[in-house]
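Peer 1: A structural model of the following input is requested.
(chains A, B and C)
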Amino acid sequence: MPDIMITHKKIYSSLLNTKSRLNFKDTVQSGQSFRWNLNETLKSYYSSVIYNSIIFICEINSEMIEVLCTDQELSGKPINEFLKHLFSLDFQEETVFSSRFQQEFPEVWNLVQSYRSVRVMRQDPFEIMVTFMCAQGIGMHLIRRQVSMIAERYGQKIMLELPEGNLTFHSFPPPQALASADPNELAVCTNNNRIRAANIIAMARSFESGKLALACVDSGKCDLETLRETLCVHSGIGLKIADCIALFGLGRFDAFPIDTHVKQYLWEWFGIEEARHSLTEKNYRILQEKARAILGAEYAGYAGHILFHCWRKEVKKMKAF
DNA sequence: CCCCAGGGCCATT
DNA sequence: AATGGCCATGGG
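Peer 2: Presented below is the predicted three-dimensional model:
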């Protein structure tokens, strides 16, 4: 693949009115995406690569973001339309936490206020699959490093020419690029974990064959259990990662992934006894049922992600990455 | 040195 | 069904 060179004359800019419903910084730092970086040359701009387009976003104020992009359209849509969908601005977040929840858990409700505009994004399914297959039992910074290395090694290199100097970006590799990867070579990018590398390659081949890709297209229609079963067929994808894929990559806001952090707040905030025991499959399902009873089944995952980020920042005092 | 970090899989009881 | 070991690395 030849590298792509883009000059600064080809950058398109726009303003997007978010109506104070998008906390952009916390949204991209909340652990659902590892592909946004604070740009060192264009300070105060976050940059990412979506498909083969470079995009910059700067928060003007709470109501407005400035957008710079190397293309006029993303995935066949005007940039602002694409971003509204990406950040799920069409979704009414006011309904996420019910009035019953607000009355029953006033201290949690108070703590979560500043995170209510953290959006659950609708990201590319394949990219999310690879990302969360890299997220087993390790810290966020190691996940970020793996995703970056995969893009640098297997993605399309894109150079951007600016008055301030040249910038280099990498697209996220499409399924065929990882399907044909050598396991030992990919393992260099997956924290030297060869099992993980082999699992990603097998999943990419399943995606490339059309089976997994078709399941993604139909993911909005089938029930969550069926969707999880088709995802969990793949080695390296268990219940938790399947739920992450459904929530962050397939727009299934009812999917409620439970990890070590969620397990902690289910006990500390809601006093769910089972959260003190280990996350066996049976206990995982029990915890999901109890969480849905508190958060509501329809948007449990959306609420869960906001609580997840709130827990890590406010209680665990963790830095973003 | 220890334990923990957005887990999943396998072998053993 | 529940438990332990294993994978791998970095940070506290």
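Peer 1: Pull the residues that contact stretch A:272-282.
Peer 2: A:239-240, A:258, A:263-264, A:266-267, A:283, A:286-287, A:290-291 (CB atoms under 8 Å, 6 or more residues apart in numbering). (C-beta placed from N, C-alpha, C; glycine too.)
Peer 1: wait, does that stretch contact DNA strand C?
Peer 2: Yes. Counting by CB under 7 Å from any atom of the strand, DNA strand C has neighbours in stretch A:272-282: A:277-278, A:280, A:282.
Peer 1: how far does that stretch sit from the chain's center?
Peer 2: 25 Å (CA atoms, centre = their mean, to the nearest Å).
Peer 1: That stretch: which residues count as buried?
Peer 2: For stretch A:272-282, the neighbour count (16 or more other CB atoms under 10 Å) marks A:272, A:274-275, A:279 as buried.
Peer 1: what's the answer for stretch A:141-158, then?
Peer 2: Neighbour counts using 16+ other CB under 10 Å place A:143-151, A:153-156, A:158 of stretch A:141-158 among the buried residues.
Peer 1: nearest to DNA strand C, of those residues?
Peer 2: Comparing the buried residues of stretch A:141-158 against DNA strand C with CB to the nearest atom of the strand places residue A:145 closest, at 7.6 Å.
Peer 1: secondary structure class for the residue of chain A found nearest DNA strand C?
Peer 2: Residue of chain A nearest DNA strand C, by CB to the nearest atom of the strand: residue A:192 (3.4 Å). Three-state call for residue A:192 (DSSP: H, G, I helix; E, B strand; the rest coil): coil.
Peer 1: That one: neighbouring residues, count only.
Peer 2: Each residue near residue A:192 was counted by other CB atoms under 10 Å, and the total is 9.
Peer 1: for the stretch 151-300 of chain A, what spans make up the helices?
Peer 2: Applying DSSP state H, counting those that start in this stretch to the stretch 151-300 of chain A gives helices spanning A:175-179, A:183-189, A:194-208, A:211-217, A:224-232, A:239-244, A:260-268, A:281-295, A:300-310.
Peer 1: what's the pLDDT at the residue of chain A positioned farthest from its centre?
Peer 2: The C-alpha centroid of chain A is most remote from residue A:163, which lies 32.1 Å away (CA atoms, centre = their mean). The per-residue pLDDT reported for residue A:163 equals 85.
Peer 1: Confirm residue A:148 sits in a helix?
Peer 2: Yes. Per three-state DSSP, residue A:148 lies within a helix segment.
Peer 1: can you tell me which residues contact it?
Peer 2: Contacts of residue A:148 by CB under 8 Å, 6+ apart are residue A:34.
Peer 1: repeat that with 10 Å
Peer 2: Contact analysis of residue A:148 by CB atoms under 10 Å, 6 or more residues apart in numbering lists A:34-35, A:37, A:155, A:170, A:189.
Peer 1: Got a quick ChimeraX command for the buried subset of these?
Peer 2: Here is the ChimeraX command that picks out the buried ones among the contacts of residue A:148, judged by 16+ other CB under 10 Å:
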select /A:34,35,155,170,189
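Peer 1: Can you find the helix or strand in chain A with the smallest mean pLDDT?
Peer 2: Of all helical and strand segments in chain A, the minimum by mean pLDDT, DSSP states H and E falls on strand A:4-7, at a mean of 68.
Peer 1: and chain A, which residues reach DNA strand B?
Peer 2: Applying CB under 7 Å from any atom of the strand, one finds that chain A approaches DNA strand B through A:30-32, A:135-140, A:142-143, A:232, A:234-242, A:244, A:257-262, A:264, A:304-305, A:308, A:312, A:318.
Peer 1: which of the residues you listed are close to DNA strand C?
Peer 2: Contacts with DNA strand C within those, as defined by CB under 7 Å from any atom of the strand: A:136-139, A:142.
Peer 1: which among those residues end up buried?
Peer 2: The neighbour-count test (16+ other CB under 10 Å) marks residue A:136 as buried among those.
Peer 1: pLDDT at residue A:16, what is it?
Peer 2: 98.
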